[in-house]
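[1] For reference, the sequence and a predicted model appear below.
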Amino acid sequence: MGDFVMDIQALRNRARAEIDKGPVTEAYGADLPRVIEVCNEALATEIVCVLRYKRHYYTAKGIHAEPVAAEFAEHAADEQRHADLLAARIAQLGGDPDFDPARLSSRAHTEYDASTNLIDMIKEDLVAERVAIASYTEIAQWLGDGDPTTRRLFEQLLADEEDHADDLANLLTRLPAETGAQPPA
């Protein structure tokens, strides 16, 4: 590795000339339109997750519903925070966060679920978390060094989704024994 040399005046001139681009500079190394599109897909994913968790929170019933519903509420709040972070990043990159309800489910990586059985709710939420984990891992790897800020955002989301999956997996191992149901296959 050689000496690090930077033309500060050229950087200043370029920053002034491209002021309308906000934080996106010549050093940005990713496909900006595609990054915005992928972030909008993740935004849709998070919104669908919020809606699924909220549905499960309000419809959870049974003797074990209270602690499980509390977990659903916590996860819904986390997913809403994720959606807000993604929307802010999309806007920061010069894109438009897409909240159009007509397109949410078609863009989301996860699915909405209307299960009424507590165990089924947990399973569907765990499946969705696993989809998000796989998806966000691929996105972070794809972004690489081209957009380190967005990559770090996805790594942060990924850590939260892994925590959610762990919570749900733990619930599944405890509930069947308590309810007399068979453990998941």
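    Done, it's in.
[2] alpha carbons only for contacts and neighbour counts from here, please
    Noted.
[3] Do you have the helices of the chain handy? List them.
    Assigned helices in the chain, in chain order: 8-17, 32-59, 65-92, 101-107, 118-143, 148-179 (criterion: DSSP state H).
[4] which one of those is the most hemmed in?
    For the helices of the chain, the largest average neighbour count (mean count of other CA atoms under 10 Å) is found in helix 32-59, namely a mean of 22.
[5] Any idea how far that helix is from the middle of the chain?
    For helix 32-59, the separation from the chain centroid amounts to 7 Å (computed by CA atoms, centre = their mean, to the nearest Å).
[6] returning to that earlier point: so which of the helices of the chain is nearest Pro23?
    Proximity to Pro23 (CA to CA) singles out helix 65-92 among the helices of the chain, at 7.1 Å.
[7] So which elements touch that closest one?
    helix 32-59, helix 148-179 (3 or more CA pairs under 8 Å, 6 or more residues apart in numbering; DSSP states H and E).
[8] Taking helix 118-143 as reference, get the angle to the last one.
    So the one you mean is helix 148-179. For helix 148-179 against helix 118-143, the angle by axes from the mean of the first three to the mean of the last three CA atoms, to 10 degrees is 160 degrees.
[9] Could you do the shortest one as well?
    Inter-element angle recorded for helix 32-59 and helix 118-143: 170 degrees (by the same axes, to 10 degrees).
[10] Now for Lys54: which residues touch it?
    By CA atoms under 8 Å, 6 or more residues apart in numbering, the residues touching Lys54 are 72-73, 76.
[11] just checking, Ala65 touches Thr116?
    No: assessed by CA atoms under 8 Å, Ala65 is found out of contact with Thr116, at 11.4 Å.
[12] Make a markdown table out of the helices of the chain and add distance to Val24 and mean pLDDT.
    Converted to a markdown table, these look like this (distance: least, CA to CA, whole Å; pLDDT from 0 to 100):
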| stretch | distance to Val24 | mean pLDDT |
| --- | --- | --- |
| helix 8-17 | 10 | 86 |
| helix 32-59 | 9 | 98 |
| helix 65-92 | 9 | 97 |
| helix 101-107 | 25 | 94 |
| helix 118-143 | 15 | 97 |
| helix 148-179 | 11 | 90 |
